[in-house]
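Novice: Here is the input, now give the coordinates:
(chains A and B)
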Amino acid sequence: MSAVADKYPVLQELGVEVISVSVDSHFVHKMWNDHELSKMVKGGVPFHMASDQAGNVGRAYGVWDENQGIELRGRFIIDPDGIIQAMEVLTPPVGRKFAESVRQIQAFQHVRASGGKEAMPAGWEPGKPTLKPGPDLVGKVWEVWKPDME
Amino acid sequence: MAESVGCARVSGAVTGQTPASTAEPQPNVSLERKESLMTARVGQKAPDFTAPAYYKGGFGPVKLSDFADKWVLLCFYPGDFTFV
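Specialist: From the prediction side, this is the model:
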């Protein structure tokens, strides 16, 4: 979570809010912020750290692990209409890559800005060409996109 | 429930469902209750929830739908003070 907290300004520029959720109480969140995270991130955690001790929220998102009584590493990108556009769930030992979340958010924002007329090919990053699906593109993707562009 | 964040052992709850209070025994957390729970899917509405939260030095509930009209990055993780 410290990685997200540290790069929170990047998300703010993109108009993204963050909510973190675990089964720890809000009291423990405060202790973690005060005693550890605030030493990694200047000013401490800048977003809501939510508590889901009974796992109700985790169950609804499919990340509740009833055997361990914890929530798996689940990351959800939710658009301004409240629609889940992307989800990624990892088992506990491997952390997320923040830059990949940002890339996906930028891609979905680009799709939204285009009114759904553009699509983002594999490996798309801001500045790279997009695809404009339509009759003219059928069978012609090879002309505008190649695997080495990823 | 999550609206008042005091000493009670409150938990997050999906909007529209009665949250299980950890302060009271819940002997009949029944199967049908589990089955009725939504499961998140891409392209579908994100399940709304309210949960007690720590935020910038204070305690208070956070509700997902309060951030309507914004993009939200929702991150679950196994626990505070874990290493990753």
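
Novice: residues contacting the residue positioned nearest the centre of chain A?
Specialist: Nearest to the mean C-alpha position of chain A, by CA atoms, centre = their mean, lies residue A:101 at 4.2 Å. Contacts for residue A:101 were tallied using CB atoms under 8 Å, 6 or more residues apart in numbering or on different chains; they are A:75, A:77, B:73. Any C-beta I mention is one placed from the backbone N, CA and C, and that applies to glycine too.

Novice: if we go to 7 Å?
Specialist: Contact analysis of residue A:101 by CB atoms under 7 Å, 6 or more residues apart in numbering or on different chains lists A:75, B:73.

Novice: same check, this time on residue A:61
Specialist: With contacts defined as CB under 7 Å, 6+ apart, residue A:61 is in contact with A:74, A:76, B:40, B:47, B:76.

Novice: Of those, which is the nearest to residue A:26?
Specialist: Residue A:26 has its nearest neighbour among these in residue B:76, at 15.5 Å by CB to CB.

Novice: need the next SSE after the helix-or-strand element of chain B with minimal mean pLDDT, C-terminal direction.
Specialist: Using mean pLDDT, DSSP states H and E, the weakest-scoring helix or strand in chain B turns out to be helix B:31-36, at a mean of 45. As assigned by DSSP states H and E, the chain's next helix or strand after helix B:31-36 is strand B:49-55.

Novice: And the contacts of the least confident helix or strand in chain A by mean pLDDT?
Specialist: Across the helices and strands of chain A, mean confidence by mean pLDDT, DSSP H and E is lowest for helix A:141-144: a mean of 88. Outside helix A:141-144, the residues within contact range by CB under 7 Å, 6+ apart are A:129, A:131.

Novice: Send me that helix as CSV with only the CA atoms.
Specialist: Below are the C-alpha coordinates for helix A:141-144, written out as CSV (Å, rounded to 0.1, in the frame of the first residue of the first chain):
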residue,chain,number,x,y,z
VAL,A,141,-4.8,-4.7,-38.0
TRP,A,142,-1.5,-5.9,-39.2
GLU,A,143,-1.1,-2.7,-41.2
VAL,A,144,-1.3,-0.5,-38.1
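
Novice: circling back to that earlier point, looking at this, the residue nearest to the centre of chain A is in a helix?
Specialist: Yes. Assigned with DSSP: H, G, I helix; E, B strand; the rest coil, residue A:101 falls within a helix.

Novice: Let me know the pLDDT of it.
Specialist: With respect to pLDDT, residue A:101 scores 96.

Novice: which residue packs closest to residue B:65, ignoring adjacent ones?
Specialist: Spatial nearest neighbour of residue B:65, excluding adjacent residues (CB to CB, 6 or more residues apart in numbering or on different chains): residue B:48 at 4.8 Å.

Novice: and that neighbour, how far is that from residue A:61?
Specialist: 11 Å (CB to CB, to the nearest Å).

Novice: Can you list the buried residues in stretch B:53-68?
Specialist: Neighbour-count burial for stretch B:53-68 flags B:53, B:54, B:55, B:59, B:61, B:62, B:63, B:64, B:67 (criterion: 16 or more other CB atoms under 10 Å in any protein chain shown).

Novice: quick one: which of the residues you listed is nearest residue A:29?
Specialist: residue B:54 (3.8 Å).

Novice: Next, the contact list for the nearest residue to that closest one once chain neighbours are set aside, please.
Specialist: Nearest in space to residue B:54, with sequence neighbours left out and distances taken as CB to CB, 6+ apart, is residue A:29 at 3.8 Å. Shown in contact with residue A:29 (CB under 7 Å, 6+ apart): A:49, A:51, B:54, B:80.

Novice: quick check, nearest of the residues you listed to residue A:114?
Specialist: residue A:49 (34.4 Å).
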